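Chemist: Everything below, folded, please.
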Amino acid sequence: MKTEQQKELTDQQIKRRNFISFTAFGVLGGLAVAGWEWLYKSGPENPGITAGAHKPLRRALNKTELFFRRVFSDNHFVKTYPKSMAAEQVRQNGDLGIEAPLSNNWRLSVEQASGQKLFITFDELKSLPKTEIVYDFKCIEGWDQIQHWGGVKFTDFINHYKLQDQIRKQYVGFETPDGGYYVGIDMPSAVHPQTILAYEVNDKPLPMENGYPLRLIIPVKYGIKSLKRIGSITFSNNRPRDYWAEHGYDYYSGL
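Modeler: Have a look, this model is predicted:
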């Protein structure tokens with residue numbers, strides 16, 4: 001049995017440990033509160049291609065982008081699945097840029113850096129080799145769904161229309177015909193082997209709510225980059241405008 005002296009020593013040790021633990025917890029909690037208050041009170045970033053975030057948060061997002069761009073590789077493929085696992089009802093999330101009726105004479109506009117434009121019909125796109133992908137579409141809101149898409153691999157599109165000089169640029173921009181929705185994609189992600197210009201879902205033409213007649217499917221990004229109803233494509237060395245980046249989200253949005 002413990003002596004009184006041993007019991008007293010044990011009680012002192014317990015009290016000392018409790019004091020250290022509560023003190024450390026209090027200090028860390030205070031630092032967390034102070035850090036949050038500092039971030040909350042920090043000034044907003046200067047409006048531009050990105051906007052809506054606090055300056056320290058935007059700096060952190062930009063640093064994260066640089067890290068991911070340094071380690072990004074065409075050899076990194078997202079996991080794919082058999083068609084049998086694809087959702088029968090593809091989730092539709094938002095209608096930005098697709099609210100207005102679609103013109104009957106829709107054509108895809110491709111503007112090169114020189115200013116020269118190509119106008120490509122839907123039938124011309126469908127005549128190119130078809131590529132399919134079944135993968136886990138991930139939304140930045142937190143949900144995901146295995147989906148089956150079909151269309152033209154972006155690199156096949158580039159090669160067919162002899163746009164190799166354009167993909168030496170750093171970015172590619174996609175916009176809806178009405179200009180209401182737009183995204184900017186870093187070129188390495190755009191020319192990733194799994195990026196496609198999709199015109200089918202579950203072996204059927206795209207429904208209007210899923211981006212008919214043509215949408216972007218870019219598996220290495222969150223869903224906010226997979227623009228519905230593509231109207232135009234541009235190439236540049238400067239970041240194209242990006243709808244969600246203008247509202248405080250991460251420009252890169254990579255997985």
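
Chemist: Tell me which stretches of this structure form strands.
Modeler: 108-111, 117-120, 131-138, 144-153, 171-175, 182-186, 196-201, 204-205, 215-217, 232-236 (DSSP state E).

Chemist: can I get these in CSV with mean pLDDT and distance to Ser42?
Modeler: Every residue, glycine included, has its C-beta placed from N, CA and C. Shown next, in CSV, are the strands of the chain (pLDDT from 0 to 100; distance: least, C-beta to C-beta, whole Å):
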stretch, mean pLDDT, distance to Ser42
strand 108-111, 97, 38
strand 117-120, 97, 43
strand 131-138, 98, 29
strand 144-153, 98, 32
strand 171-175, 98, 28
strand 182-186, 98, 25
strand 196-201, 98, 40
strand 204-205, 96, 48
strand 215-217, 98, 34
strand 232-236, 97, 30
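
Chemist: and of these, who's closest to Phe67?
Modeler: strand 182-186 (13.2 Å; C-beta to C-beta).

Chemist: Could you export the closest one as CSV, CA atoms only?
Modeler: These are the backbone C-alpha positions of strand 182-186, laid out as CSV (Å, rounded to 0.1, in the frame of the first residue of the first chain):
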residue,chain,number,x,y,z
TYR,A,182,-16.9,31.3,-67.3
VAL,A,183,-13.9,29.4,-66.0
GLY,A,184,-10.1,29.6,-66.4
ILE,A,185,-8.0,26.4,-66.5
ASP,A,186,-4.3,26.0,-66.2
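
Chemist: what does it rub up against?
Modeler: The contact list for strand 182-186 (C-beta atoms under 8 Å, 6 or more residues apart in numbering) reads 49, 69, 97, 170-176, 216, 218, 221, 224-225, 227, 239-245, 251-252.

Chemist: by how many degrees do it and strand 232-236 diverge?
Modeler: 40 degrees (axes from the mean of the first three to the mean of the last three C-alpha atoms, to 10 degrees).

Chemist: hang on, the earlier thing: helices - which of the contacts of strand 182-186 land there?
Modeler: Arg69 (DSSP state H).
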